[in-house]
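Student: What follows is a predicted structure for the sequence shown.
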Amino acid sequence: MIRPVQWYRNMKQERTQKWDSHCSRCGLCCHEKTIIGKEVVYDLDQWCEHFDPVTRTCRVYAKRLTEHVRCRPVTVFRAMFATYLPPECGYVRWAEQHHLRLAPYRRIHYVRDGEEDTAALLS
């Protein structure tokens, strides 16, 4: 059980570090996703127009929040509670390492050209 004081110290320490350094550059936050009940479906063939699939980075990262209406930053609270973030996400791994991942489990499907569960395509 995490105590509030310990949680606050973890949060304060995290603010001093560069939050973006936790990103594993999987690019899944930029892909189209659909939540259906207790499942999240990632379409690996559809992504934001600013996403570069070769480098797995955003071409307009500094202006992403104003350039793309659907773009949302991955904050500490999203890392803790967002059920659409996959376990491969560096922010999710950070939250799990600090025992702060409180999102309910959702099964994740990766779809590419009609194929499901193509997790190997991410690497």
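Tutor: Happy to help now that I have it. In this text the structure is predicted, and so the values were computed from the model without any measurement.

Student: now the helices: where do they sit in the protein?
Tutor: In the chain, the helices defined using DSSP state H lie at 4-16, 64-67, 76-81, 90-97.

Student: Which parts of this structure are strands?
Tutor: When assigned using DSSP state E, the strands of the chain occupy the ranges 31-36, 39-47, 51-52, 57-58, 107-111.

Student: in this structure, which helix or strand is least confident?
Tutor: Of all regular secondary-structure elements in the chain, judged by mean pLDDT, DSSP states H and E, the least confident is helix 4-16 with a mean of 69.

Student: before we move on, the earlier item: which one, of the helices of the chain, ends up nearest to Gly37?
Tutor: The closest approach between Gly37 and any of the helices of the chain, judged by C-beta to C-beta, belongs to helix 76-81 at 17.9 Å. From N, CA and C alone the C-beta is placed, and that goes for glycine too.

Student: tell me which residues of the closest one are tucked away?
Tutor: Neighbour-count burial for helix 76-81, counted by 16 or more other C-beta atoms under 10 Å, picks out Val76, Arg78, Ala79, Met80.

Student: mind listing what the second one touches?
Tutor: What it means is Arg78. Taking C-beta atoms under 8 Å, 6 or more residues apart in numbering, we find Arg78 in contact with Arg72, Leu85, Tyr91.

Student: quick one: the second one and Val74 touch, right?
Tutor: Yes. Contact between Leu85 and Val74 holds when scored by C-beta atoms under 8 Å: they sit 7.1 Å apart.

Student: So if I had to pick from these two, which one is more boxed in?
Tutor: Leu85 (25 against 18; other C-beta atoms under 10 Å).

Student: picking up where we left off before, name the residues contacting each of Leu85 and Val74.
Tutor: With C-beta under 8 Å, 6+ apart applied, the overlap between the contact sets of Leu85 and Val74 consists of Cys29, Tyr91.

Student: Turn the buried residues of helix 76-81 into CSV, columns for distance to Asp20.
Tutor: Converted to CSV, the buried residues of helix 76-81 look like this (distance: C-beta to C-beta, whole Å):
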residue, distance to Asp20
Val76, 12
Arg78, 13
Ala79, 12
Met80, 17
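
Student: Pick the one among those residues closest to Pro4.
Tutor: Closest approach between the buried residues of helix 76-81 and Pro4, by C-beta to C-beta: Met80, at 14.2 Å.
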